[in-house]
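Peer 1: Below are the sequence and a predicted model for it; my questions follow.
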Amino acid sequence: MNNIALDKKLMFIALKEAKRGIPYVYPNPAVGCVIYDGSKILSTGYHKKFGENHAEHEAIKNLDEMVKGLTMYVSLEPCTHTGKTGACFDLIDPEVFDRVVIAEKDPNSEASGSIEKLKKRGIKVDLGLLKHEARKLNKRFYVFHEKKRPYVILKYASTLDGFIAQENGYSKWITNEKSRKENHFTRSICDAILIGSNTARIDNPDLGSHGCGRDPKIVLIDFDNALGSLDLFKKKPIVYSSPELSNDAGKNINFIMNDLYKKNIQSLLVEGGAKTISNFLNFEIFDELHCYVAPKFLGKGLNIFQGENSIEKNYNLELVDTKMIGDDLKIVYKKSYT
Ligand code: AOF
Ligand code: ZN
């Protein structure tokens with residue numbers, strides 16, 4: 001095996017280790033580490049749980065003895081900060097480690113900065129091996145820190161001809177129970193769920209995960225401060241209304257994204273309705289689309305997309321999953337940068 005193939009193989013093992021920490025490390029990234037002596041793996045480690053040791057710490061702890069000339073493979077740049085535990089950088093002794101191979105930089109400015117420091121200590125650093133895989137593993141974490149907004153999933157349920165409700169707003173139910181359950185699970189793995197005023201008023205939804213796990217924080221757009229009597233308010237939602245919101249939909253979305261970022265919301269599920277989803281589509285503030293399609297035709301009603309596009313408009317979407325749920329179909333698209 002040549003050196004590149006060997007490096008790849010060892011980084012794959014580090015990534016596999018990292019996956020063992022999902023979902024327990026959230027909202028931290030999943031990180032894995034392998035320590036190699038030139039002929040065999042001496043130890044591995046991963047970040048097991050939020051607040052506990054980082055991957056490098058675990059791998060170093062699992063070494064039988066400190067010997068010279070070791071290589072560390074780690075799926076994220078080692079941290080330089082003292083957070084819930086000490087800085088991983090301080091554990092990487094140049095007397096022991098000759099080389100550190102890192103899949104991708106840490107986008108969190110509080111923790112990053114070790115690459116130059118390691119080099120200054122005389123350690124050889126190789127950056128970028130299996131970067132794409134490492135980013136994919138922690139896509140929410142990367143979007144949150146790099147774009148300074150939550151990772152946004154737009155979800156809707158429609159008929160085969162693209163309607164999400166009848167003309168009178170009635171929509172219960174378009175998709176089957178299993179499809180709805182699937183989305184309850186998605187709610188349980190998102191920090192927050194957002195709906196617009198019309199959906200709140202017409203559906204008076206629960207927005208919980210219905211026993212699938214924890215409930216997301218509710219985020220409500222209430223333009224006219226008119227929804228205070230809804231049951232949803234008992235759940236203490238984050239509410240955006242006038243005067244902080246204006247008639248400029250783009251500004252409103254940016255304001256909300258910025259505020260949710262400050263509130264440390266790393267992932268946001270947007271469940272509509274049509275106007276809200278269309279605004280996120282129009283301003284291209286989203287990372288993933290979950291479309292649930294049921295074998296029904298309405299002919300007229302509320303269409304999911306309220307904007308105007310030409311056929312040439314390209315959203316740069318990548319089809320990542322399709323799933324048959326009874327007679328329904330779930331389609332998942334991702335923005336192709338993630
Ligand atoms: C590493 N190795 O295994 C992980 C890192 O709150 P703390 O103290 O646990 O720090 C969390 C931050 O540390 C997180 O946002 C990310 O920047 C980095 N995570 N770093 O060197 C690891 N999980
Ligand atoms: Zn660390």
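Peer 2: Nice, I can see it. Residues are numbered from 1 along each chain as shown. Ligands and ions are numbered 1, 2, ... in the order given.
Peer 1: check contacts around residue 272.
Peer 2: 155-156, 164, 195-196, 199 (CB atoms under 8 Å, 6 or more residues apart in numbering). C-beta: built from backbone N, CA, C; applies to glycine.
Peer 1: The same query, at a cut-off of 6 Å, please.
Peer 2: Residue 272 makes contacts with 156, 199, as judged by CB atoms under 6 Å, 6 or more residues apart in numbering.
Peer 1: separation between it and residue 168?
Peer 2: 16 Å (CB to CB, to the nearest Å).
Peer 1: pretty sure residue 161 is touching residue 296, no?
Peer 2: No - Residue 161 lies out of contact with residue 296 (CB atoms under 6 Å); the separation is 8.2 Å.
Peer 1: need the residues of this protein near ligand 2, please.
Peer 2: Residues of the chain lying near ligand 2 by CB under 5 Å from the ion: 54, 79, 88.
Peer 1: Please name the nearest non-neighbouring residue to the second one.
Peer 2: By that I understand residue 79. Using CB to CB, 6 or more residues apart in numbering and skipping residues adjacent in sequence, the residue nearest residue 79 is residue 111, 4.0 Å away.
Peer 1: hmm, stretch 35-46 touching ligand 1?
Peer 2: No - against ligand 1, stretch 35-46 shows no contacts by CB under 6 Å from any ligand atom, the least distance being 7.2 Å.
Peer 1: So for that stretch, first residue to last residue, what's the gap.
Peer 2: Stretch 35-46 has its terminal residues 12 Å apart, counting by CA to CA, to the nearest Å.
Peer 1: What strand or helix carries the most centrally placed residue in the chain?
Peer 2: The centre of the chain sits closest to residue 140, judged by CA atoms, centre = their mean, with a distance of 2.4 Å. Taking DSSP states H and E as the definition, one finds residue 140 inside helix 139-147.
Peer 1: Mind listing what's buried along that helix?
Peer 2: Buried residues in helix 139-147, counted by 16 or more other CB atoms under 10 Å: 139-145, 147.
Peer 1: before we move on, what about stretch 255-266?
Peer 2: Here stretch 255-266 shows 256-257, 260-261, 265-266 as buried, counting by 16+ other CB under 10 Å.
Peer 1: One more: stretch 77-87?
Peer 2: For stretch 77-87, a neighbour-count test (16+ other CB under 10 Å) marks 77-81, 87 as buried.
Peer 1: what about that stretch, average pLDDT?
Peer 2: Averaged over stretch 77-87, pLDDT sits at 92.
Peer 1: Could you export whichever helix or strand residue 250 is part of as CSV, CA atoms only?
Peer 2: In this assignment (DSSP H and E), residue 250 forms part of helix 249-262. Backbone C-alpha positions of helix 249-262 (Å, rounded to 0.1, in the frame of the first residue of the first chain) are rendered in CSV as follows:
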residue,chain,number,x,y,z
ALA,A,249,-39.0,39.3,3.5
GLY,A,250,-35.3,39.0,2.7
LYS,A,251,-34.4,41.3,5.6
ASN,A,252,-36.7,39.4,7.9
ILE,A,253,-35.2,36.1,7.2
ASN,A,254,-31.7,37.4,7.7
PHE,A,255,-32.7,39.0,10.9
ILE,A,256,-34.3,35.8,12.2
MET,A,257,-31.3,33.7,11.1
ASN,A,258,-28.9,36.0,12.8
ASP,A,259,-30.9,36.1,16.0
LEU,A,260,-31.2,32.3,16.1
TYR,A,261,-27.4,32.0,15.5
LYS,A,262,-26.9,34.2,18.6
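Peer 1: picking that back up, got the residues of the chain next to ligand 2 as JSON lines, with secondary structure and distance to residue 103 columns?
Peer 2: Below are the residues of the chain next to ligand 2 laid out as JSON lines (DSSP: H, G, I helix; E, B strand; the rest coil; distance: CB to CB, whole Å):
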{"residue": "54", "secondary structure": "coil", "distance to residue 103": "15"}
{"residue": "79", "secondary structure": "coil", "distance to residue 103": "14"}
{"residue": "88", "secondary structure": "helix", "distance to residue 103": "14"}
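Peer 1: Those residues into TSV, with extra columns for distance to residue 288?
Peer 2: Below are these laid out as TSV (distance: CB to CB, whole Å):
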residue	distance to residue 288
54	27
79	27
88	30
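Peer 1: ok, and which of those residues reach ligand 1?
Peer 2: 54, 79, 88.
Peer 1: just these now: which is nearest residue 99?
Peer 2: Using CB to CB, residue 88 is the member of those that sits closest to residue 99, with 15.7 Å.
Peer 1: Local confidence estimate at residue 338?
Peer 2: Residue 338 carries a pLDDT value of 55.
Peer 1: swap that for residue 217, please
Peer 2: Residue 217 is assigned a pLDDT of 97 by the prediction.
Peer 1: ditto for residue 154
Peer 2: We note a pLDDT of 98 for residue 154 in this prediction.
Peer 1: now it, what's its secondary structure?
Peer 2: Under DSSP: H, G, I helix; E, B strand; the rest coil, residue 154 falls in the strand class.
Peer 1: which residues sit in contact with it?
Peer 2: 270, 277, 280, 286, 289.
Peer 1: Among these, which are located in helices?
Peer 2: Counting by DSSP state H, the part of the contacts of residue 154 found in helices is 277, 280.
Peer 1: Out of the contacts of residue 154, who's the most crowded?
Peer 2: Compared across these, residue 270 has the highest neighbour count, 27 neighbours, by other CB atoms under 10 Å.
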